[in-house]
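Participant: requesting a structural model of the entry that follows:
(chains A and B)
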There are 2 protein chains.
Amino acid sequence: MIKDSKQLREDLNSVLEQQPLFQGVPETLYDPIRYVMGLGGKRIRPVLALMACQLFKGNTDAALLPALGLEVFHNFTLLHDDVMDKADMRRGKPTVHAKWNPNVAILSGDAMFALACRLICQAPASCQAAVLEAFNDLAIGVCEGQQYDMDFETRDDVSMEEYMEMIRLKTAVLIAGALKVGALLPGAPVKEIELLYEYGIKVGLAFQLQDDLLDLYADEAKLGKKLGGDIRENKKTYLYIKAMGLLDEVDGIALDQYFKAPVPGNLFDGLAKVKAVKALFEKVDVKSHCEREIGKLFTEAGQILERLSASSAVDPEAMSALRAFSSELVGREL
Amino acid sequence: MIKDSKQLREDLNSVLEQQPLFQGVPETLYDPIRYVMGLGGKRIRPVLALMACQLFKGNTDAALLPALGLEVFHNFTLLHDDVMDKADMRRGKPTVHAKWNPNVAILSGDAMFALACRLICQAPASCQAAVLEAFNDLAIGVCEGQQYDMDFETRDDVSMEEYMEMIRLKTAVLIAGALKVGALLPGAPVKEIELLYEYGIKVGLAFQLQDDLLDLYADEAKLGKKLGGDIRENKKTYLYIKAMGLLDEVDGIALDQYFKAPVPGNLFDGLAKVKAVKALFEKVDVKSHCEREIGKLFTEAGQILERLSASSAVDPEAMSALRAFSSELVGREL
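Facilitator: Residues are numbered from 1 along each chain as shown, chains lettered A, B, ... in the order given. Okay, here's the model as predicted:
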């Protein structure tokens, strides 16, 4: 029986709630872990892994623990990113280092990485080595991407190519890796796994560009934080890099100056800056450029799924579920 | 051919130098990793793993990569511990967060954890699942131990039992786990692996108590940092807990007061405090108590090796090498 994203998310959440791995001592280590894992979210990466599993006719129940490992890993990266970015809010709630302290956030994160490994290792013996290799690949990729992201903060010559490579590593490799892990579990053919991985990269890039847009154009209540956080923090996203390439010299200098201003200590400051930068972005309509790029990536992703659909290893109903979930992901409301 | 610790360390260091995993980009991520791995040290944990491997007649060359993974993991924990403890020096050199910054230290540490996993996964397929389970156990144990250690900083009622449990998790589980990984590689019998693990716990506890002693009584030049760091930082080690149990009320209150004083910003301050606390420790001769405890643990460890020697799975020459290395470890000069 093929499940949609909602059913898979429910399966994951009930496995998560009963998970004895998160019930250890000392509580000072495990409380923050349960807090982070309980903050909710769409469970995108493990849902994608489970969708990949059923795409190749696997039993998703047997894939729940490795899939959960991907979610624990993802939340570990968010936890440490928030420490490094000094971000005090996530999903409308205080982050771990804000609620406890930075040391707790560092160490709980480390323990989450270890717990993620343990969950990933619950893959059946027949594919354990391949699953671990995929997991190690994505884990190292995410670290490399995060480092590029930090490096870019102090550079003012980041090209669009470099930016796309950074988000490929930081975001897309984890999404593609989750699909790969899910496909390895029921023993999908190598060629199909490669296609699915490529699809994951396209969707992951589109997803991150959508995230760049949402940061400025979302419904503030749904975003769970103030709009324009990237601008406040001088984050050079697609919007900034594209605008820098399109603006005339005078406006380019103005934009550059805004992104060299000190980051306000209080993230709720800086409204005037957000407005001014947004006006510069709109002068050259970077929003449309970004939307076109997202559309292009999403079309390419769809073409890969077309090719995959021709494989006899693929379940057509599961393919429909994957398509529906991808549209949901990339077509998030602005 | 059985190798001694020096030969095994040389083997490890040459595999480390040629290791392509540490040559990735961005360099801002991999430079700190190479720096940490190049700081030297005795490579105790991977040497123990290789000694366990040859103890059960395994080929140590085939065990080098998983063993190196244990060293990378250990160095990752030191890196993050130094961030959390704000320790600016290690092995006579600036720590990563002091040389670069805390974000670099957090992220390079995360990447080292991922690289450690990748190296551990180089175990042969026949024992990969068991090796990974042992690795996950030790990784989670170390995190739990580190959290207890942090919790104890703000408590003044830590019992000796709690302290021993903390160092079991933080130090001994990694040493015992390294031996277990090494023994799993050539497929040692279950019973023998259990004994070797127990031996590792005893040696690990003795090693940590020796470390507590060395912090105050070592040759300063060999230690690579000022003596009495634990006292300066109000770390409640064996010496403090034992002294609190033995001192009379007046001296106990004095010791307690010293350990409630703010930690000097500069770790090279606080000489008067170190002298005063050392005098209190010597009033009840905690040094002898600690040495006796180390002797007891080491004797028990030796008895376990006696039992192991009776097994036909064990190579007698490799057993001698392990004995020699253990004496070296626990009998480090004061």
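
Participant: so is stretch A:54-63 next to chain B?
Facilitator: No. Judged by C-beta under 8 Å from any C-beta of the partner chain, stretch A:54-63 stays clear of chain B, getting no closer than 16.0 Å. From N, CA and C alone the C-beta is placed, and that goes for glycine too.

Participant: what's in contact with that stretch?
Facilitator: A:2-3, A:8, A:11, A:49-50, A:53, A:124, A:182-183, A:185-188, A:192, A:196, A:308, A:313-315, A:318-319, A:321-322 (C-beta atoms under 8 Å, 6 or more residues apart in numbering or on different chains).

Participant: pull the residues that contact stretch A:30-47.
Facilitator: In contact with stretch A:30-47 (C-beta under 8 Å, 6+ apart) are residues A:5, A:8-9, A:12-13, A:16, A:22-24, A:67-68, A:70-72, A:74-75, A:78-79, A:90-91, A:93, A:96, A:99-100, A:104-105, A:108, A:111-112, A:115, A:174-175, A:178, A:325, A:329.

Participant: show me the contacts of stretch A:54-63 that map onto helices.
Facilitator: If you go by DSSP state H, the contacts of stretch A:54-63 have A:8, A:11, A:49-50, A:53, A:182-183, A:192, A:196, A:308, A:318-319, A:321-322 in helices.

Participant: quick check, nearest of the residues you listed to chain B?
Facilitator: A:Ala49 (18.1 Å; C-beta to the nearest C-beta).

Participant: now do the same for the closest residue to that closest one other than its chain neighbours: its pLDDT.
Facilitator: In space, not counting the residues next to it along the chain, A:Ala49 is nearest to A:Gly182; the distance is 3.4 Å by C-beta to C-beta, 6 or more residues apart in numbering or on different chains. We have a pLDDT of 98 for A:Gly182.

Participant: please apply the same query to A:Ala178.
Facilitator: pLDDT at A:Ala178 comes out at 98.

Participant: and if you look at A:Gly229?
Facilitator: As predicted, A:Gly229 sits at a pLDDT of 88.

Participant: how far away is it from A:Ala125?
Facilitator: For A:Gly229, the distance to A:Ala125 equals 44 Å [C-beta to C-beta, to the nearest Å].

Participant: buried residues of stretch A:8-25, list them for me.
Facilitator: A:8-9, A:11-13, A:15-16, A:19, A:21-22, A:24 (16 or more other C-beta atoms under 10 Å in any protein chain shown).

Participant: then stretch A:322-334?
Facilitator: For stretch A:322-334, the neighbour count (16+ other C-beta under 10 Å) marks A:322, A:325-326, A:329-330 as buried.

Participant: where does chain A have low pLDDT?
Facilitator: Scanning chain A for pLDDT under 70 picks out A:265-269, A:332-334.

Participant: change it to 50
Facilitator: Within chain A, the segments meeting pLDDT under 50 span A:334.

Participant: just the buried residues of the contacts of stretch A:54-63.
Facilitator: A:2-3, A:8, A:11, A:49-50, A:53, A:182-183, A:185-186, A:188, A:192, A:196, A:308, A:313-314, A:318-319, A:321-322.

Participant: give me every residue in the stretch 101-250 of chain A lying close to chain B.
Facilitator: A:103-104, A:106-107, A:109-111, A:113-115, A:117-118, A:121, A:125, A:128-129, A:132-133, A:135-136, A:139-140, A:143-144, A:146-148, A:150-151.

Participant: which of these are buried? Put it as a ChimeraX command.
Facilitator: In ChimeraX, a selection of the buried entries from these looks like this (16+ other C-beta under 10 Å):
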select /A:103,104,106,107,109,110,111,113,114,115,117,118,121,128,129,132,135,136,139,140,143,144,146,147,148,150,151
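
Participant: inside helices: which ones of the residues of the stretch 101-250 of chain A next to chain B?
Facilitator: Among those, DSSP H puts A:103-104, A:106-107, A:109-111, A:113-115, A:117-118, A:128-129, A:132-133, A:135-136, A:139-140, A:143-144, A:146-148, A:150-151 in helices.

Participant: center of chain A, which residue is that?
Facilitator: Among the residues of chain A, the one closest to the centroid is A:Thr171, at 4.7 Å (C-alpha atoms, centre = their mean).

Participant: circling back to that earlier point, which one of the buried residues of stretch A:322-334 is nearest B:Glu291?
Facilitator: Using C-beta to C-beta, A:Leu329 comes nearest to B:Glu291 of the buried residues of stretch A:322-334, at 62.4 Å.

Participant: using a markdown table, lay out the buried residues of stretch A:8-25 together with distance to A:Met166.
Facilitator: Shown next, in a markdown table, are the buried residues of stretch A:8-25 (distance: C-beta to C-beta, whole Å):
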| residue | distance to A:Met166 |
| --- | --- |
| A:Leu8 | 30 |
| A:Arg9 | 29 |
| A:Asp11 | 33 |
| A:Leu12 | 29 |
| A:Asn13 | 31 |
| A:Val15 | 33 |
| A:Leu16 | 30 |
| A:Gln19 | 33 |
| A:Leu21 | 32 |
| A:Phe22 | 32 |
| A:Gly24 | 35 |
